[in-house]
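[1] Build me a structure from this.
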Amino acid sequence: MKLASRRKGRDGELLVVTRDLTRAIAAPSIAPTLQAALDDWASVAAALDGLQRELEADPRMQGSFDFDPAACSSPLPRAYQWADGSAYLHHVELVRRARGAEMPESFRRDPLMYQGGSDGFLDPHADIAGDPRWGIDFEAEVCVVVGDVPMGCTATDARAHVKLVMLVNDVSLRALVPGELAKGFGFFQSKPASAFSPVAVTPDELGRHWRDGKLHLPLLSFFNEREFGSPQAGEDMAFDFGQLIAHAARTRRLGAGTIVGSGTVSNRQAGRGYSCIAELRMVETLRDGQPSTGFMQDGDRIRIEMRDDQGRSIFGAIDQRVRAIVENQPSGSLP
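    The predicted structure follows:
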């Protein structure tokens, strides 16, 4: 299935979307919102799948309409929990090497994860508002939405709890990160609202590309209309989604609708580009002694997408521009 949320109230209106992302239909008699569907997934999934089959057979069926990603919120406009991992160790290694630090051996055994704000996400086509002095950066990632996960769930069992797969732009404010991490209490101001792909898809929709708890397709990023990166999401992922979910559920149960992210997709193989500006700046620093690429400025555009074997968009595109604001504080308060 492919599901989306049209903007309506705080939690959107659940839509079933055709595989080619051209037509959609609301499903109020089945579930009014995506969160409602996830809360009762065992009872409603078959009905939603049946509705999609009807729509595929008759795209002009009564009540259907042209699908418009620009009219969508993130599939979950807000969520009970958003936990983002850092499963691509090449990215972590580069970050640490750029500042002359070794990567602890424990990072290879135990996933990094932080708990992000989830009370409101950006629409997939919404502006990224921020002061450019904050070091605005995009981060292209894959994420999953789970059903109810029991505490202590094993990594193998956790894979079965994945209900949906999405893409995410996990926006970072790089200039604010060092000061926050130096306090020893993690991210907060440096991690503003994220934006998710217009469409969430069930794992079976991905066919052979979803296996071993990973999504095996290139993740495409276009920065100001130019391809910035196309790393393979299934490669160099040290911890699969089963392991990430199990890590999050070690000491607590996860409620239906919890979103778990992969972290910035990054490959060791050269020539595939990058999924964030910071990683390119790290490479420039290691090569030249200093970075030459700047972070995002007013009007800059980022588009994040994934395509199937026929070149068709799977999730729709996250397509955002920066809208510069000036923080109402003395510039000396910035790092």
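[2] alpha carbons only for contacts and neighbour counts from here, please
    Will do.
[3] ok, residue 14 touching residue 29?
    No - the criterion here is CA atoms under 8 Å, and residue 14 misses it with residue 29 at 10.6 Å.
[4] Do a quick rundown of the strands in the stretch 201-335 of the chain.
    For the stretch 201-335 of the chain, the strands defined by DSSP state E, counting those that start in this stretch cover 210-211, 214-215, 220-223, 226-229, 259-261, 301-305, 318-324.
[5] wait, is residue 168 part of a strand?
    Yes - counting by DSSP: H, G, I helix; E, B strand; the rest coil, residue 168 falls inside a strand.
[6] Could you tell me the phi and psi values at the nearest residue to it once chain neighbours are set aside?
    Ranked by CA to CA, 6 or more residues apart in numbering and with sequence neighbours excluded, the top spatial neighbour of residue 168 is residue 196, at 4.3 Å. When read as degrees, to the nearest 10, the backbone of residue 196 gives phi -110, psi 160.
[7] cool, and residue 16?
    In terms of degrees, to the nearest 10, the main-chain angles of residue 16 are phi -100, psi 130.
[8] Who is it paired with across the strands?
    Here residue 16 sits in beta bridges with residue 3, residue 25, as judged by DSSP bridges.
[9] Does it touch residue 47 like I think?
    No - Residue 16 is beyond contact range of residue 47, at 10.8 Å (criterion: CA under 8 Å).
[10] quick one: which of the two has more around it?
    It is residue 16, of residue 16 and residue 47, that has more neighbours when counted by other CA atoms under 10 Å, with 26 against 16.
[11] residue contacts, that one?
    1-4, 24-27, 48, 51-52 (CA atoms under 8 Å, 6 or more residues apart in numbering).
[12] any idea which of these has the most stuff around it?
    For the contacts of residue 16, the largest neighbour count, defined by other CA under 10 Å, is 29 neighbours, found at residue 4.
[13] for it, what are its contacts?
    Residue 4 neighbours (CA under 8 Å, 6+ apart): 14-17, 34, 72-75, 198-200.
[14] still on that earlier bit, including pLDDT, could the contacts of residue 16 go into JSON lines?
    Shown next, in JSON lines, are the contacts of residue 16 (pLDDT from 0 to 100):
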{"residue": "1", "pLDDT": "97"}
{"residue": "2", "pLDDT": "98"}
{"residue": "3", "pLDDT": "98"}
{"residue": "4", "pLDDT": "98"}
{"residue": "24", "pLDDT": "98"}
{"residue": "25", "pLDDT": "98"}
{"residue": "26", "pLDDT": "98"}
{"residue": "27", "pLDDT": "91"}
{"residue": "48", "pLDDT": "98"}
{"residue": "51", "pLDDT": "98"}
{"residue": "52", "pLDDT": "97"}
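[15] Surely residue 273 and residue 226 touch.
    No - the criterion here is CA under 8 Å, and residue 273 misses it with residue 226 at 11.3 Å.
[16] what's the single longest helix in the protein?
    If you go by DSSP state H, the chain has its longest helix at helix 41-57.
[17] Please name the strands paired to the helix or strand just after that one in the sheet, noting orientation.
    For helix 41-57, the following helix or strand on the C-terminal side (DSSP states H and E) is strand 65-66. Here strand 65-66 is paired, per DSSP bridges, with strand 23-26 (antiparallel).
[18] List the contacts of the strand it pairs with.
    By CA under 8 Å, 6+ apart, strand 23-26 touches 13-18, 55, 59, 63-67.
[19] which among those residues end up buried?
    Neighbour counting by 16 or more other CA atoms under 10 Å classes 13-18, 55, 59, 64, 67 among the contacts of strand 23-26 as buried.
[20] can you list those in CSV and add pLDDT and distance to residue 306?
    Below are the buried ones among the contacts of strand 23-26 laid out as CSV (pLDDT from 0 to 100; distance: CA to CA, whole Å):
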residue, pLDDT, distance to residue 306
13, 98, 24
14, 98, 22
15, 98, 20
16, 98, 19
17, 98, 17
18, 98, 16
55, 98, 23
59, 97, 23
64, 98, 25
67, 98, 18
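[21] And the furthest pair within those?
    13 and 59 (19.2 Å; CA to CA).
[22] circling back to that earlier point, reformat the contacts of residue 4 into a markdown table and put secondary structure and distance to residue 261 next to each item.
    As requested, the contacts of residue 4 are exported to a markdown table (DSSP: H, G, I helix; E, B strand; the rest coil; distance: CA to CA, whole Å):
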| residue | secondary structure | distance to residue 261 |
| --- | --- | --- |
| 14 | strand | 22 |
| 15 | strand | 23 |
| 16 | strand | 23 |
| 17 | strand | 23 |
| 34 | helix | 18 |
| 72 | strand | 21 |
| 73 | coil | 18 |
| 74 | coil | 15 |
| 75 | coil | 15 |
| 198 | coil | 16 |
| 199 | strand | 16 |
| 200 | strand | 14 |
